[in-house]
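Student: please find the sequence and the predicted model below.
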Amino acid sequence: MKDKKVLVIGMGRSGKAAVEALVSAGAAVSVQDSKAVDQLEPSFAAYLDTNGITKYLGCVPDDMGAFDVLVLSPGVPPTLNFIEAAKAAGAEIIGELELAYRLGNGRYVAITGTNGKTTTTTLVGEIYKASGRKTEVVGNIGIAVISKAIQADADSWLVTEVSSFQLETIDRFRPVVSAILNLTPDHMDRHKTMENYGRAKAAVFKNQTEDEYCVLNYDDKACFELAEREGCKAKVVPFSRKEELEFGAFAHEGRIVIKDETGALVDICGCDELQIPGTHNLENALAAAAIAYFGGIDRDVIARVLRTFAGVEHRIEACGEVNGVRFVNDSKGTNPDAAIKAIEAMKENIILIAGGYDKGSTYDEFIGAFGSSVKKLILLGATAPKIKETAERMGFTDIIMAEDMEDCVAKAYESAVPGDVVLLSPACASWDMYDNFEQRGDHFKSCVKDLQKN
C-alpha cells in the first residue's frame, strides 16, 4: 500500500483502524463519511489533521478517478454511485478484512452464518486460547481485524467473525478453517435475494484449497448446498444435531462426537453438560467442536471448554429478577430466526419485547413461533406497526405499543406475574434508535437495574 492513493469510506470502528494501518504503511490516505467533522471523536479528528489526511465529510470527492484503492467499512454498500464510479475508473474496491489479510500476519479461522456467529466465534476463541495457541478473537464481534493482524506473527491465530457485508469486499482472504453456521433470510434490504445473500456468505471459502477445511451445517440444506453450488475446494466437514454422519460432528446418544477422516469416533462431551441453553446452542457447540478438532486441537481441550463456556453478552443473557419475574437480554437477536431461537430456548411464559430497524424481513414465521409460549408482545421502533399488522393477521392480538425501552420494560413488568420471563429479542437491527445492538442491550439492562432499585 505504500504511496497508493487510498480512500477509506466510513469512519466507524473498522474504518478508523484501517486509516491508522494505512498511514503506518505509507499510503496517501483520504477519508469519506456522511458525518460532519464535529460528529467525529475529537481525538480521531485531531489524528486526521496531524497526519494531513484529506477529509470528505458530508460529501464525496469530485474526482473518483484519483484513487488507486477504496477501503469500504462493512455498512457501506459497494453499489453506491460514487463507489461504482471509482471502480469504473480502475480503482480496486476492498474492505477492512481484506486489508488486514494483506498488511498483517497470522492464520485465520473465519466463521459466518445468519445466526450464532458471535457465540460460536467466542467459543472457538476460548478453545484456541485454552490449547495454548496465541489467539485473538476479532471481526464483526467488535474488534477490527486489522488492529490485531498488524501486531500478529506467523504463530498467531485470528478467530474471526465475518459478516456477509465484510465478505462482499474480499479478494485474496483465505482462512485455514472456514465455517457457515446456517442460512436464513437477513439483510434483504441490501442483498435483495437469498441467492445473493448465500453467494456473499460462500465467499468465505472461495480461496481455500483442498488442504483446508470448511465446516457446514448439514441440517440446513440451503447452507450445506452452498459447497457444491459455489464450488468449495476445501474439505467439507458437516455438523448435525439431527443426523448421524459418516464424517463430521454430530449428536449421538446424548453425546457430542466427531467421526474423523479415518472413521474413528471421537467422544467430546455430553450434550447436557453444555452451560448455554437451547438447541441452537447445541448446533453452535457442534460447529465449534468441528472447527477446533479439524483445526488440530486436542479433544480434551475442546471438551473442557465446552463444559465451562457460559455464553456471551446480549445473547440469551440472564440480567436480573424482580419479584419472581426474570429478565433476559437477547439484543443480539437482530433477525426473526435469531429471535425464534431465543423463544424456543425460554420455552414458556414469555413477555416479548421486539421491534427496531427494518432490514426488509417478514415476520410471519416469527409470529408463528409464539405458540403458547409468548403471552404478550410489546413493540417499539420503526418495525412496530409492521410486526403488529402481521401478528393481528395471524390471530395474536395481545400487543402493546411502546415509545422507548424504558416504556417497554415498565409495561412488561406491569403485565408480568411471578414465573414469567421478560425477553428482549427484537428480531430487528437496532439502528433506528441505537448505534448498535450492544447499546440497545445495555439500555435494557440499565432499565432492569432501575426496576430492581425500586
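Tutor: Happy to help now that I have it. Numbering: from 1, shown residues only.

Student: and the strand or helix carrying residue 135, how far from the chain's centre?
Tutor: Using DSSP states H and E, residue 135 sits within strand 134-139. Chain-centre distance of strand 134-139: 15 Å, with C-alpha atoms, centre = their mean, to the nearest Å.

Student: touching it from outside, list them.
Tutor: Applying C-beta atoms under 8 Å, 6 or more residues apart in numbering, the contact partners of strand 134-139 are 97, 106, 110, 121-122, 125, 128-129, 143-145, 147-149, 152-153, 155-163, 166. Where you see a C-beta, it was placed from the backbone N, CA and C, and this is true even at glycine.

Student: ok, and for the helix or strand following that strand, which residues are buried?
Tutor: Downstream of strand 134-139, the next assigned helix or strand under DSSP H and E is helix 145-149. Under the neighbour-count criterion of 16 or more other C-beta atoms under 10 Å, helix 145-149 has 145, 146, 147, 148, 149 buried.

Student: likewise stretch 123-143?
Tutor: Under 16+ other C-beta under 10 Å, the buried positions of stretch 123-143 are 123-131, 133, 135-141, 143.

Student: before we move on, what about stretch 88-100?
Tutor: Using 16+ other C-beta under 10 Å as the test for burial, stretch 88-100 gives 91, 92, 93, 94, 95, 96, 97, 98, 99, 100.

Student: check contacts around the second one.
Tutor: Read that as residue 92. By C-beta under 8 Å, 6+ apart, the neighbours of residue 92 are 68, 69, 70, 171.

Student: run the last query once more with 6 Å
Tutor: residue 69 (C-beta atoms under 6 Å, 6 or more residues apart in numbering).

Student: now do the phi/psi pair for it.
Tutor: Backbone dihedrals for residue 92, given as degrees, to the nearest 10, come out at phi -90, psi 130.

Student: one more: the fourth one?
Tutor: Main-chain torsions, residue 94, degrees, to the nearest 10: phi -130, psi 170.

Student: that one - nearest residue in space that isn't next to it in sequence?
Tutor: Once flanking residues are discounted, residue 94 sits nearest to residue 169: 5.3 Å by C-beta to C-beta, 6 or more residues apart in numbering.

Student: and the third one, by the same measure?
Tutor: Taking C-beta to C-beta, 6+ apart, and ignoring the residues beside it in sequence, residue 93 has residue 70 as its nearest neighbour in space, at 5.1 Å.

Student: would you mind naming the residues that bridge with the one you found?
Tutor: residue 7, residue 93 (DSSP bridges).

Student: how about the strands in the stretch 201-350 of the chain?
Tutor: Along the stretch 201-350 of the chain, counting by DSSP state E, counting those that start in this stretch, strands occupy 213-217, 235-240, 248-252, 255-259, 265-270, 317-322, 325-329, 350-354.

Student: nearest to residue 451, out of these?
Tutor: strand 317-322 (5.1 Å; C-beta to C-beta).

Student: show me what that closest one is packed up against.
Tutor: With contacts taken as 3 or more C-beta pairs under 6 Å, 6 or more residues apart in numbering; DSSP states H and E, strand 317-322 sits against strand 325-329, helix 437-453.

Student: need the winner for burial among the ones you listed.
Tutor: Counting by mean count of other C-beta atoms under 10 Å, strand 325-329 has the highest mean neighbour count of those, with a mean of 24.

Student: tell me how the chain divides into domains.
Tutor: Here the domain parsing of the chain from automatic domain parsing is 5-96, 104-308, 317-453.

Student: now the first one: how far from the chain's centre is it?
Tutor: For domain 5-96, the gap between its own C-alpha mean and the chain's C-alpha mean amounts to 24 Å (C-alpha atoms, centre = their mean).

Student: what's the span of that domain, first residue to last?
Tutor: This stretch, domain 5-96, spans 16 Å end to end (C-alpha to C-alpha, to the nearest Å).

Student: so which helix or strand takes in the residue nearest to residue 146 when sequence neighbours are not counted?
Tutor: Distances taken as C-beta to C-beta, 6+ apart place residue 100 nearest to residue 146, at 3.8 Å, with adjacent residues excluded. In the assignment (DSSP H and E), residue 100 maps to helix 96-103.

Student: pLDDT (mean, whole number) over that helix?
Tutor: Mean pLDDT, computed over helix 96-103, is 97.

Student: packing partners of it?
Tutor: Judged by 3+ C-beta pairs under 6 Å, 6+ apart, helix 96-103 is in contact with helix 13-24, helix 145-149.

Student: need the residues that contact that helix.
Tutor: 14, 18, 21, 25, 71, 145-146, 149-150, 166, 170-171, 173.

Student: buried ones among those residues?
Tutor: By 16+ other C-beta under 10 Å, the contacts of helix 96-103 give 14, 18, 21, 25, 71, 145, 146, 149, 150, 166, 170, 173 as buried.

Student: rewinding a little: so which of the contacts of strand 134-139 are in helices?
Tutor: 97, 121, 122, 125, 128, 129, 145, 147, 148, 149, 166 (DSSP state H).

Student: what pairs with the nearest residue to the fifth one once chain neighbours are set aside across the strands?
Tutor: Using C-beta to C-beta, 6+ apart and skipping the chain neighbours, the partner closest in space to residue 128 is residue 135 (4.2 Å). Listed beta-bridge partners, residue 135: residue 157 (assigned using DSSP bridges).
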